[in-house]
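Asker: Structure of the sequence below:
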Amino acid sequence: MKADPEYMRTISAGGMEIDSQTVPHHPQWGSAPPGARPVPHPPGLQPPGSVPSTAPSTPSIPPAQSAPERSPSVPTPTPGTSIPYSAPATLSYTREEGRGEQWTPTPSPARIPEPSAGPISSMMMPEFWCSIGYYELDSQVGEIFKVPSGWRSVMVDGYVDPSGGNRFCLGALSNVHRTEASEKARLHIGKGIQLDLVGEGDVWIRCHSDHSVFVQSYYLDREAGRAPGDAVHKIYPLAHTKVFDLRQCYRQMQQQAATAQAAAAAQAAAVAGRLPDGGIGGIAPAISLSAAAGIGVDDLRRPCILRMSFVKGWGPDYNRKSIKETPCWVEVHLHRALQILDEVLQSMPVGGPRVRHPE
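Answerer: Presented below is the predicted three-dimensional model:
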């Protein structure tokens, strides 16, 4: 039987994908990668079995690689020449929430947490703080797993314990239509990931798997200075990083809802012949108004959802352009954020953003 070339490449690289635009930084290196910024653990959060963030002074290099190497496809500049730089679509995160040399933020002396401004909403916390759906390619497998608000953390792993609790064991889920690619990828989920609820609704992720996890996160997009949905974030084994900020999401949903409402009002005025200032003299203003007025509830819900694929990545750096082409992935709906979004929408006048149904 002919071996899957992509799978063999994964095995030969120690189980982690190597792509042309991602510079890998193994978490077992003795020091943080270039551009890395140390981040403290969330206040009061020390999950059981957590790994200290200090690496040993003598780095341990896996047998498959004798020394850290540059990606073969990264050109080496010669004296007197320069290589044009383009922002990669995949950003890397190592043990100390450091990113690879693709992303170099302005250095700061320390990251001081903002003073607590109190809860965003006076509503009671929802019964479940998140719900997790498991997918193979574009098909959902098994039932939605809901995490009670009494559990401040949840594990998503590849094992088979059916007792539930705060563990979502993907190994126990069967699929009669499972592909060979999904079967192979599931073998490498292992200890998987841990999601931690911090404060009113912030979420942190820790990768316990021996293989990287790829995350779609609007919070990380903003932190990296990227447009929402523009990048895929590669979380290396043992990395611990924040992937969702409730207060930031709240500000974003307020802004989007207000923009959509104002655009809808301006569009109605334009149709009635009362064009707003700057709306005369071209089709471009009409197009921008239409786009802004077309923001629906589905658009506002996206920042409240996290998507994560195991072992295999997707995006411009990979052959798989969508997460629905990856062999196994999960979608996490954050209930507190959705609860607050509902409150924002209900406070808007009639005619605000609404769900767009497919034709």
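Asker: show me what contacts Cys207?
Answerer: 193, 213, 235-240 (C-beta atoms under 8 Å, 6 or more residues apart in numbering). In short, each C-beta sits where N, CA and C put it, glycine included.
Asker: Kindly present these as JSON lines, with separate columns for pLDDT.
Answerer: Shown next, in JSON lines, are the contacts of Cys207 (pLDDT from 0 to 100):
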{"residue": "Ile193", "pLDDT": "98"}
{"residue": "Val213", "pLDDT": "97"}
{"residue": "Ile235", "pLDDT": "96"}
{"residue": "Tyr236", "pLDDT": "97"}
{"residue": "Pro237", "pLDDT": "96"}
{"residue": "Leu238", "pLDDT": "95"}
{"residue": "Ala239", "pLDDT": "96"}
{"residue": "His240", "pLDDT": "96"}
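Asker: for these, which one is nearest Asp202?
Answerer: Minimum distance to Asp202 across the contacts of Cys207 is 13.3 Å, recorded for His240 (C-beta to C-beta).
Asker: Name the nearest residue to the closest one, sequence neighbours excluded.
Answerer: If the residues on either side of it in the chain are set aside, His240 comes closest to Arg206, at 4.5 Å by C-beta to C-beta, 6 or more residues apart in numbering.
Asker: State the distance from that neighbour to Tyr93.
Answerer: Here the criterion is C-beta to C-beta, to the nearest Å. By it, Arg206 lies 11 Å from Tyr93.
Asker: what are the ranges of the helices in this protein?
Answerer: Under the criterion DSSP state H, the chain contains helices at 5-12, 180-186, 218-223, 246-271, 284-293, 297-301, 335-346.
Asker: For Asp221, give me its contacts.
Answerer: Contacts for Asp221 (C-beta under 8 Å, 6+ apart) come out as 227-231.
Asker: among the helices of the chain, which is nearest Met124?
Answerer: Judging the helices of the chain by C-beta to C-beta, what sits closest to Met124 is helix 335-346, at 9.2 Å.
Asker: tell me the mean pLDDT for the closest one?
Answerer: Here helix 335-346 scores 93 as its mean pLDDT.
Asker: Which elements pack onto that helix?
Answerer: strand 128-136, helix 246-271, helix 297-301 (3 or more C-beta pairs under 8 Å, 6 or more residues apart in numbering; DSSP states H and E).
Asker: can I assume Thr179 is in contact with Asp138?
Answerer: No: the criterion here is C-beta atoms under 8 Å, and Thr179 misses it with Asp138 at 11.4 Å.
Asker: what about the stretch 151-300 of the chain, any weak spots by pLDDT?
Answerer: Low-confidence segments of the stretch 151-300 of the chain (pLDDT under 70): 273-294.
Asker: As a check, name the ranges of all strands in the stretch 101-250 of the chain.
Answerer: With DSSP state E, counting those that start in this stretch, the ranges of strands along the stretch 101-250 of the chain come out as 128-136, 139-140, 145-148, 153-157, 167-169, 193-198, 202-207, 213-216, 232-235, 240-244.
Asker: Closest one of the contacts of Asp221 to Trp329?
Answerer: Closest to Trp329, out of all of the contacts of Asp221 and judged by C-beta to C-beta, is Gly229, at 15.5 Å.
Asker: Please tell me how far that closest one sits from Gly165.
Answerer: In terms of C-beta to C-beta, Gly229 sits 33 Å off from Gly165.
Asker: what do you get for Ser174?
Answerer: The separation that Ser174 has from Gly165, given C-beta to C-beta, amounts to 21 Å.
Asker: what sits against the nearest residue to Gly199 once chain neighbours are set aside?
Answerer: Spatial nearest neighbour of Gly199, chain neighbours left out: Leu246 (7.4 Å); criterion: C-beta to C-beta, 6+ apart. Neighbour list for Leu246: 120, 199-202, 334, 336-337, 340 [criterion: C-beta under 8 Å, 6+ apart].
Asker: most surrounded residue in these?
Answerer: The most crowded member of the contacts of Leu246, judged by other C-beta atoms under 10 Å, is Arg336 (28 neighbours).
Asker: What residues does the residue nearest to that residue when sequence neighbours are not counted make contact with?
Answerer: Nearest residue to Arg336, sequence neighbours excluded (C-beta to C-beta, 6+ apart): Gly201, at 3.9 Å. By C-beta under 8 Å, 6+ apart, Gly201 lies in contact with 120, 129, 244, 246, 334, 336-337, 340.
Asker: Make JSON lines from the contacts of Leu246 and add distance to Gly315 to it.
Answerer: What follows is those, written out as JSON lines (distance: C-beta to C-beta, whole Å):
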{"residue": "Ile120", "distance to Gly315": "31"}
{"residue": "Gly199", "distance to Gly315": "30"}
{"residue": "Glu200", "distance to Gly315": "31"}
{"residue": "Gly201", "distance to Gly315": "27"}
{"residue": "Asp202", "distance to Gly315": "25"}
{"residue": "Leu334", "distance to Gly315": "22"}
{"residue": "Arg336", "distance to Gly315": "28"}
{"residue": "Ala337", "distance to Gly315": "24"}
{"residue": "Ile340", "distance to Gly315": "29"}
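Asker: Return the member of these nearest to Gln346.
Answerer: Ile340 (10.7 Å).
Asker: give me every residue that touches that closest one.
Answerer: 120-121, 123, 201, 246, 250, 253.
Asker: In JSON lines: these, plus distance to Ala270.
Answerer: Formatted as JSON lines, these follow (distance: C-beta to C-beta, whole Å):
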{"residue": "Ile120", "distance to Ala270": "35"}
{"residue": "Ser121", "distance to Ala270": "35"}
{"residue": "Met123", "distance to Ala270": "37"}
{"residue": "Gly201", "distance to Ala270": "38"}
{"residue": "Leu246", "distance to Ala270": "36"}
{"residue": "Tyr250", "distance to Ala270": "31"}
{"residue": "Met253", "distance to Ala270": "26"}
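Asker: Right, I'll call it a day here.
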